[in-house]
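Engineer: Compute the structure for the input listed below.
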Amino acid sequence: MFKNSSIISKSPEIMGVIQVFASTRVPVETLFDYLKAGESIDDFLDGFPSVTQEQVIELLE
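Structural biologist: Got it, this is the predicted structure:
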């Protein structure tokens with residue numbers, strides 16, 4: 001996956017070794033959990049407003 005980028009970051013100071021959306025504390029895995037459960041991207045974004053739609057789309061592309 002991504003290392004540190006405008007989409008994803010990983011830092012011991014922020015959630016340890018878990019990859020999160022850049023400038024947030026939202027784990028990337030949470031998006032995939034939502035999608036696996038049949039939830040929409042909009043549902044995820046409603047639950048995590050610090051993540052942008054652009055970040056989600058770029059990650060999924």
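
Engineer: Now name the helix or strand holding the spatially closest residue to residue 53 that is not a sequence neighbour.
Structural biologist: Nearest residue to residue 53 in three dimensions, chain neighbours excluded: residue 45, at 6.0 Å (Cβ to Cβ, 6 or more residues apart in numbering). The way it works is simple: take the backbone N, C-alpha and C, and place the C-beta from them, glycine included. Counting by DSSP states H and E, the element that carries residue 45 is helix 41-47.

Engineer: Let me know whether residue 8 touches residue 28 as I believe.
Structural biologist: Yes. Using Cβ atoms under 8 Å, residue 8 is in contact with residue 28, at 6.0 Å.

Engineer: those helices in the protein, which residues are they?
Structural biologist: Under the criterion DSSP state H, the chain contains helices at 28-36, 41-47, 53-60.

Engineer: Those: which one's closest to residue 22?
Structural biologist: helix 53-60 (7.0 Å; Cβ to Cβ).

Engineer: hang on, the earlier thing: ok, residues contacting the helix holding residue 45?
Structural biologist: 30, 31, 34, 35, 51, 53, 56 (Cβ atoms under 8 Å, 6 or more residues apart in numbering).

Engineer: For those residues, could you give me CSV that also reports neighbour count and pLDDT?
Structural biologist: Conversion of the contacts of helix 41-47 to CSV gives the following (neighbours: other Cβ atoms under 10 Å; pLDDT from 0 to 100):
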residue, neighbour count, pLDDT
30, 16, 97
31, 21, 97
34, 18, 97
35, 15, 97
51, 23, 97
53, 11, 96
56, 21, 96
